[in-house]
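Undergrad: Sequence first, predicted model second:
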Amino acid sequence: MLFEPLQMGALRLPNRVLMAPLTRARAGRTHIANALMAEHYAQRASAGLLIAEATMVAADGCAFTGEPGIYSEACVAGWRLVTDAVHAAGGRIVLQIWHPGRAAHSSLNDGVQPVSSGEVAIQGLINTPAGKQPYEVPRRLRDEELPGIVEQFRLGTRRAMAAGFDGVQIHGAHGYLIDQFLRDGVNDRQPPYGGGLANRLRLLLDVIDAAIEEAGADRVGLRISPLVGAHDLRDSDPEALVRAIACALDVRSIGHLELRHGDQAAPAERAIAAVARQHFRGTLLLNGGFDAVSAEAALQEGRADAIVFGRAFIANPDLVDRLREGVFLADYEPSRLYGGGAEGYTDYPLRPLAEAV
């Protein structure tokens with residue numbers, strides 16, 4: 001099944017090997033996508049779907065140097081280079097739109113203090129132009145500011161579609177702003193955006209609805225990571241959270257729901273995926289530690305409709321063919337993951353040199 005086509009909302013995918021949104025920090029300080037990024041994505045266009053990296057909906061929502069944006073017309077023009085290249089190569093691509101919330105730093109945002117659902121800082125250090133610094137205490141967003149956050153995602157969706165993307169994925173995972181509202185480990189607000197589960201979902205669902213108005217439900221997706229404690233985040237009842245999200249998305253008939261696992265083989269991760277599968281009848285994507293064998297098993301057992309691969313796509317631009325043919329998978333170079341130029345980004349060969357006869 002891994003190499004069979006799939007109808008995912010409005011998109012007809014030629015296979016079920018999808019590329020994860022992989023932060024590679026090649027957009028520089030301008031946050032504008034460029035020709036190098038276009039080459040990178042086009043090289044991987046044989047994936048059933050490319051999910052482009054986390055992309056800023058707010059000009060002051062920078063969490064690390066080099067991530068792209070979708071907050072201006074210049075950003076739209078940059079991304080058009082990418083979508084044109086991918087489509088010319090026969091691929092499909094959606095844009096993951098994102099706000100980091102408290103995972104940002106003022107030194108990356110012209111002195112603007114990070115914002116969040118509350119006033120608790122992430123424990124640990126963040127890379128800044130001045131070196132590693134502690135995460136800052138965020139400013140608590142006022143209730144009346146939250147429609148403005150929704151509008152940033154709305155405009156991000158509108159610009160993504162103008163840039164030629166086939167849809168958008170809302171980043172609701174990994175402890176970024178939307179996740180900071182979803183999980184009770186950090187959201188200590190009162191209603192209407194805190195307290196009970198329905199209130200903690202309010203910002204997410206307002207964002208989803210805004211994106212649907214711009215792109216259509218069948219071109220909108222969501223990524224969540226209910227058991228991944230990224231950026232110091234936990235929830236007291238992740239199964240209830242996933243159930244509520246899945247039910248709300250099912251009513252809206254959105255294009256896809258992606259579950260980002262820490263380790264898909266872990267019993268708790270299997271259980272949470274089963275909750276999503278039970279309550280969301282749309283296209284369910286699983287991501288986290290899959291290889292060809294476990295991916296095929298998940299599809300055959302009905303646990304997922306497609307599998308999202310991350311690290312394997314870094315050094316294997318032709319991953320689909322390699323998985324199909326059972327050939328060697330190259331390893332990526334960790335020191336060249338972020339920033340820089342073509343090295344470790346567009347210079348991975350289509351086949352290991354030993355096979356390139």
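TA: Alright, I've got the coordinates.
Undergrad: what pLDDT, on average, does the helix or strand containing residue 146 get?
TA: Assigned by DSSP states H and E, residue 146 falls within helix 146-162. Mean per-residue pLDDT for helix 146-162: 98.
Undergrad: Check which helices and strands that helix is in contact with.
TA: Taking 3 or more Cβ pairs under 8 Å, 6 or more residues apart in numbering; DSSP states H and E as contact, the helices and strands that helix 146-162 lies on are helix 73-88, strand 93-98, strand 168-171, helix 202-215. All C-beta atoms are positioned from the backbone trio N, CA, C, and that covers glycine.
Undergrad: Including distance to residue 276, mean neighbour count and mean pLDDT, could these go into TSV?
TA: Listed next are those as TSV, based on distance: least, Cβ to Cβ, whole Å; neighbours: other Cβ atoms under 10 Å; pLDDT from 0 to 100:
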stretch	distance to residue 276	mean neighbour count	mean pLDDT
helix 73-88	28	19	98
strand 93-98	18	28	98
strand 168-171	15	28	98
helix 202-215	15	21	98
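Undergrad: want to throw these into a markdown table with distance to residue 315?
TA: Below are the helices and strands packed on helix 146-162 laid out as a markdown table (distance: least, Cβ to Cβ, whole Å):
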| stretch | distance to residue 315 |
| --- | --- |
| helix 73-88 | 19 |
| strand 93-98 | 20 |
| strand 168-171 | 23 |
| helix 202-215 | 32 |
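Undergrad: I'd guessed residue 198 sits against residue 247; true?
TA: No: using Cβ atoms under 8 Å, residue 198 is not in contact with residue 247, being 11.0 Å away.
Undergrad: could I get the longest strand anywhere in the chain in PDB with only the CA atoms?
TA: Ranked by number of residues, the top strand in the chain under DSSP state E is strand 49-56. Provided in PDB are the C-alpha atoms of strand 49-56 (Å, rounded to 0.1, in the frame of the first residue of the first chain):
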ATOM      1  CA  LEU A  49       3.300  15.100  -0.800                       C
ATOM      2  CA  LEU A  50       5.900  17.600   0.400                       C
ATOM      3  CA  ILE A  51       5.000  19.500   3.600                       C
ATOM      4  CA  ALA A  52       7.200  22.600   3.600                       C
ATOM      5  CA  GLU A  53       9.000  23.700   6.700                       C
ATOM      6  CA  ALA A  54       7.500  25.700   9.600                       C
ATOM      7  CA  THR A  55       6.900  29.200   8.200                       C
ATOM      8  CA  MET A  56       6.300  32.400  10.100                       C
END
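Undergrad: Just give me how far that strand sits from the chain centre.
TA: Its chain's C-alpha centre and that of strand 49-56 lie 6 Å apart, by Cα atoms, centre = their mean, to the nearest Å.
Undergrad: mind listing the strands for this protein?
TA: With DSSP E as the criterion, the chain has strands at 6-8, 11-13, 17-19, 49-56, 93-98, 115-116, 125-128, 131-134, 139-140, 168-171, 220-224, 256-260, 283-287, 306-309.
Undergrad: can I get these in JSON lines with distance to residue 300?
TA: Output for those, formatted as JSON lines (distance: least, Cβ to Cβ, whole Å):
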{"stretch": "strand 6-8", "distance to residue 300": "14"}
{"stretch": "strand 11-13", "distance to residue 300": "18"}
{"stretch": "strand 17-19", "distance to residue 300": "15"}
{"stretch": "strand 49-56", "distance to residue 300": "20"}
{"stretch": "strand 93-98", "distance to residue 300": "26"}
{"stretch": "strand 115-116", "distance to residue 300": "41"}
{"stretch": "strand 125-128", "distance to residue 300": "42"}
{"stretch": "strand 131-134", "distance to residue 300": "45"}
{"stretch": "strand 139-140", "distance to residue 300": "47"}
{"stretch": "strand 168-171", "distance to residue 300": "25"}
{"stretch": "strand 220-224", "distance to residue 300": "23"}
{"stretch": "strand 256-260", "distance to residue 300": "18"}
{"stretch": "strand 283-287", "distance to residue 300": "13"}
{"stretch": "strand 306-309", "distance to residue 300": "12"}
